[in-house]
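Novice: here is my input; please provide its structure:
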Amino acid sequence: MKRLIVLTLLLLFVMPVTASKIFAVEETTQTGIMDAGNKLCPVSGDPVSGNDFVIYKGKRYGLCCPMCKASFLKEPEKYIAQMEAKEKTSAPPAAVAPVVSESEEMERDMEEGDL
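Specialist: Down below sits the predicted model:
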């Protein structure tokens with residue numbers, strides 16, 4: 001009975017995450033626009049807001065604010081080069097134990113027979 005409950009919970013947590021990733025990839029493919037994946041604004045160097053974007057050569061670049069869009073579009077190659085250089089020089093995060101989701105923990109416990 002415990003296994004059935006754990007399996008049900010596992011499916012409830014994993015399915016929405018998996019489905020959202022599938023739909024995100026599908027949406028990107030349909031529009032032909034790829035996310036640049038930048039964490040820093042190409043213009044200011046500040047963290048990306050998640051609300052402001054500009055599309056250039058089929059890639060969507062995140063911006064820190066709407067005011068950076070005009071500057072970016074005036075000299076996009078300059079700002080992209082600056083952004084890439086800054087992101088390369090930023091220190092990589094310290095080695096951290098991998099994050100294990102609740103569903104992965106439950107699955108591991110099931111395999112080990114702890115449930």
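Novice: pull the contacting residues for residue 32.
Specialist: For residue 32, the contact set (CB atoms under 8 Å, 6 or more residues apart in numbering) comprises residue 58. C-beta: built from backbone N, CA, C; applies to glycine.
Novice: return the distance of it relative to residue 57.
Specialist: 11 Å (CB to CB, to the nearest Å).
Novice: following the lowest-mean-pLDDT helix or strand in the chain, which helix or strand shows up next?
Specialist: Least confident element among the helices and strands of the chain, by mean pLDDT, DSSP states H and E: helix 2-31 (a mean of 60). Counting by DSSP states H and E, the next helix or strand C-terminal to helix 2-31 is strand 34-35.
Novice: next structured bit after that next one?
Specialist: For strand 34-35, the succeeding helix or strand toward the C-terminus, using DSSP H and E, is strand 52-56.
Novice: any low-confidence regions in the chain?
Specialist: Low-confidence segments of the chain (pLDDT under 70): 7, 10-31, 90-98, 100, 114-115.
Novice: can you rerun that using 80?
Specialist: By pLDDT under 80, the weakly predicted segments of the chain are 1-2, 4, 6-32, 87-106, 108-115.
Novice: mind listing what residue 42 touches?
Specialist: The contact partners of residue 42, by CB under 8 Å, 6+ apart, come to 61, 63, 68, 72, 76, 79, 80, 82, 83.
Novice: the fifth one contacts residue 59, correct?
Specialist: No: Residue 76 lies out of contact with residue 59 (CB atoms under 8 Å); the separation is 10.0 Å.
Novice: and residue 82, what does it touch?
Specialist: Counting by CB under 8 Å, 6+ apart, residue 82 makes contact with 42, 45.
Novice: ok, now how distant is it from residue 44?
Specialist: Counting by CB to CB, the gap from residue 82 to residue 44 is 10 Å.
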